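Peer 1: below are the sequence and a predicted model for it; my questions follow.
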Amino acid sequence: MRSALGEPDARAAVTFLGADRIEVLRFTEDDIVRYATLGMSAQPMADPTAVVADPVKGPRAELVLTVRRGAGADTDKVLRPLAVLAASPQVEGVVVAPGASLDVGEPLWPGAPFMSVLVAESGGLVEDLELDPPAEPVRFLPLLPMTPNEAAWKRVHGAQALQERWLAGGTDLRDPSRGSVSLG
């Protein structure tokens with residue numbers, strides 16, 4: 001992450017009962033703030049229906065959220081919700097993959113119009129980190145904040161359709177106070 005994002009200017013750690021410690025690092029560059037988890041990839045994500053989890057094989061990931069600084073949004077309060085999402089594979093047996101929706105059940109930060117995120121494809125901002133076989137690479141998955149209307153629309157029409165709406169609408173997914181894209 002440091003080679004792609006530079007040195008973090010803040011970090012916080014959260015520990016959940018039954019899970020390894022999760023850190024959230026903040027990287028700031030001009031008016032862009034990126035929050036990245038650290039620790040989610042320590043264990044591979046396991047299929048929740050598997051009788052025994054493989055300690056080496058399985059997908060590994062970290063989460064990256066990018067927002068624009070300002071607009072009166074206290075986005076630094078996203079640290080705990082991000083840590084909760086990063087701990088979900090260990091705590092709830094969730095496999096986080098591109099196209100998935102993750103819901104925190106409350107605004108991502110105080111006053112945020114978003115309570116959930118869409119998991120995007122890795123390989124853009126931070127390249128996948130290769131590990132020694134048979135371990136799978138660590139994927140750095142971007143998170144795209146969704147309004148409740150967008151999340152409901154995505155459940156019906158799918159992730160690709162929502163991303164196409166965002167693109168067609170010129171949606172600034174980094175705007176911490178943006179409204180919902182036109183879904184009509």
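Peer 2: Alright, I've got the coordinates.
Peer 1: every contact and neighbour count from this point should use C-alpha atoms.
Peer 2: Fine.
Peer 1: which residues of this protein fall in helices?
Peer 2: 2-5, 79-92, 148-157, 159-168 (DSSP state H).
Peer 1: among those helices, which comes closest to Leu125?
Peer 2: For these, distance to Leu125 was read as C-alpha to C-alpha. The smallest value, 7.0 Å, belongs to helix 2-5.
Peer 1: how about JSON lines for the helices of the chain, with mean neighbour count, mean pLDDT and distance to Val24 added?
Peer 2: Shown next, in JSON lines, are the helices of the chain (neighbours: other C-alpha atoms under 10 Å; pLDDT from 0 to 100; distance: least, C-alpha to C-alpha, whole Å):
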{"stretch": "helix 2-5", "mean neighbour count": "10", "mean pLDDT": "91", "distance to Val24": "13"}
{"stretch": "helix 79-92", "mean neighbour count": "20", "mean pLDDT": "91", "distance to Val24": "6"}
{"stretch": "helix 148-157", "mean neighbour count": "16", "mean pLDDT": "97", "distance to Val24": "24"}
{"stretch": "helix 159-168", "mean neighbour count": "15", "mean pLDDT": "97", "distance to Val24": "26"}
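Peer 1: could you dump the ones you listed to a markdown table with distance to Arg26?
Peer 2: Listed next are the helices of the chain as a markdown table, based on distance: least, C-alpha to C-alpha, whole Å:
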| stretch | distance to Arg26 |
| --- | --- |
| helix 2-5 | 10 |
| helix 79-92 | 9 |
| helix 148-157 | 26 |
| helix 159-168 | 25 |
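Peer 1: which one of these lies nearest to Asp31?
Peer 2: helix 2-5 (13.8 Å).
Peer 1: for Ile145, what are its contacts?
Peer 2: Just so we're on the same page, residue 145 is Pro rather than Ile. Residues near Pro145 by C-alpha atoms under 8 Å, 6 or more residues apart in numbering: Phe114, Met115, Ser116, Val117, Leu118, Leu173.
Peer 1: out of those, which is most surrounded?
Peer 2: Compared across the contacts of Pro145, Phe114 has the highest neighbour count, 27 neighbours, by other C-alpha atoms under 10 Å.
Peer 1: which ones are touching the residue nearest to that residue when sequence neighbours are not counted?
Peer 2: In space, and not counting its chain neighbours, Phe114 is closest to Thr147: 4.5 Å by C-alpha to C-alpha, 6 or more residues apart in numbering. By C-alpha under 8 Å, 6+ apart, the residues touching Thr147 are Pro113, Phe114, Met115, Ser116, Gly179, Ser180.
Peer 1: quick one: which of the residues you listed sit in strands?
Peer 2: Ser116 (DSSP state E).
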